[in-house]
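[1] Starting from these lines, generate the structure:
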Amino acid sequence: MGNLLTPFKKFLSNKNTVTIIGVLLGVVVLYLGYTWRVNQSLQPTNLPYAKRTLKAGELITEDAVGLTEVPGDLVKSMGTSVITTVNCANEDSDSCIVGRLVSYDSKISEFSFFFKANVMKKSDKPDSIFSNIPDGETIFWLPVDNNSTYGNSIFPGNKIDLYMTATDDDDLLIFGRLISSIKVLAVKDDEGNNVFSDSSNVGQPSVLLFSVPEEYFLLLEKAKRLDGIELVPVPRNASYSSSAAAKKVENDYLREFILAKTVAIPNENTDIVTENSDKDK
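    Numbering: from 1, shown residues only. Got it, this is the predicted structure:
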């Protein structure tokens with residue numbers, strides 16, 4: 001038996017033989033690893049897509065959503081921004097499609113995938129937001145038109161700044177930022193319809209609605225009613241809209257200019273007593 005193994009032992013003891021075997025094993029390992037990675041990347045994954053074009057504000061129903069097989073690596077490359085779940089197990093989830101609305105600044109084209117930035121929950125509709133305005137704030141409406149909204153480019157959820165233009169006693173132009181970081185709640189036409197709804201009868205933008213503290217509400221209403229003063233909405237970028245910056249009056253000169261043209265009511269109370277604050281007393 002020992003004599004039978006001698007040639008085999010000599011074969012294995014040869015350095016060239018060991019090197020060749022090591023190289024072959026390395027090639028096998030690399031091949032198996034490569035094959036496994038390719039299979040993983042090509043393994044099909046079901047991804048929802050739009051079966052037809054969905055317009056801004058439209059409710060997404062199950063018949064508008066299809067499923068298609070795509071390589072797993074494609075889904076991974078899109079990260080968490082793409083939505084992979086059709087139906088919602090949790091109403092508060094932002095990672096499903098059916099029952100959601102197309103965002104007001106979006107349109108989902110036919111055969112497109114669904115991304116979180118393009119859909120919103122029903123509770124985010126402008127008219128639903130009115131019931132959730134902060135305590136102590138009041139709804140203010142600002143007259144606008146297609147031009148002052150930059151070609152109807154101010155959307156619900158955007159944060160804007162309010163600039164003011166007027167002429168002083170020397171007939172000199174006054175122009176500056178009055179209030180910053182105001183979140184738009186709704187854009188409506190002259191019949192009260194949401195401009196970015198899915199209705200086919202919606203007209204041009206006529207009013208921007210937003211909420212402000214009572215003190216700012218009084219200031220803006222006075223400015224709106226004074227001849228020669230115009231309030232100008234100015235949109236900002238996406239990061240400005242997502243910031244947590246609070247609304248504030250930016251220019252004391254502009255505020256005093258407005259107040260100087262109105263009568264100060266004695267003991268004017270700008271604090272609003274809410275149901276919650278009554279309970280706290």
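[2] Please, where are all the helices along the stretch 51-200 of the chain?
    72-78, 126-129 (DSSP state H, counting those that start in this stretch).
[3] what is the rounded mean pLDDT of the last one?
    What it means is helix 126-129. In this model, helix 126-129 has an average pLDDT of 62.
[4] pLDDT below threshold where in this protein?
    1-25, 27-29, 31-42, 90-93, 123, 125-132, 197-202, 267-281 (pLDDT under 70).
[5] max-length strand in it?
    Looking across the chain with DSSP state E, the single longest strand is strand 173-188.
[6] Summarise which helices and strands that one is packed against.
    helix 126-129, strand 159-167, strand 207-213, helix 214-225, strand 248-249, helix 252-259 (3 or more C-beta pairs under 8 Å, 6 or more residues apart in numbering; DSSP states H and E). C-betas here are computed from N, CA, C, even on glycine.
[7] Would you mark the buried spots in the longest one?
    Spelled out, that is helix 214-225. 216, 217, 218, 219, 220, 223 (16 or more other C-beta atoms under 10 Å).
[8] Format the residues you listed as JSON lines; extra columns: distance to residue 192.
    Formatted as JSON lines, the buried residues of helix 214-225 follow (distance: C-beta to C-beta, whole Å):
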{"residue": "216", "distance to residue 192": "24"}
{"residue": "217", "distance to residue 192": "20"}
{"residue": "218", "distance to residue 192": "24"}
{"residue": "219", "distance to residue 192": "25"}
{"residue": "220", "distance to residue 192": "20"}
{"residue": "223", "distance to residue 192": "23"}
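[9] show me where the chain has strands.
    44-50, 65-71, 101-102, 119-120, 137-143, 159-167, 173-188, 207-213, 230-235, 248-249.
[10] Out of these, which gets nearest to residue 150?
    Among the strands of the chain, the nearest to residue 150 by C-beta to C-beta is strand 230-235 (6.3 Å).
[11] Give me the contacts around that closest one.
    142, 144, 148-150, 153-154, 158, 160-166, 177-178, 208, 220, 223-224 (C-beta atoms under 8 Å, 6 or more residues apart in numbering).
[12] Report the buried members of those.
    142, 144, 148-149, 154, 158, 160-164, 166, 178, 208, 220, 223.
[13] For residue 185, state which of those residues is nearest.
    Taking the buried ones among the contacts of strand 230-235 together and measuring to residue 185 by C-beta to C-beta, the closest member is residue 208, at 8.4 Å.
[14] Show me which pair in the buried ones among the contacts of strand 230-235 is furthest apart.
    Farthest apart among the buried ones among the contacts of strand 230-235 by C-beta to C-beta are 158 and 166. That separation is 25.0 Å.
[15] Could you check how far the residue sitting nearest the centre point of the chain is from residue 64?
    Residue closest to the mean C-alpha point of the chain, counted by C-alpha atoms, centre = their mean, is residue 117 at 5.5 Å. Remark: distance between residue 117 and residue 64 (C-beta to C-beta, to the nearest Å) = 18 Å.
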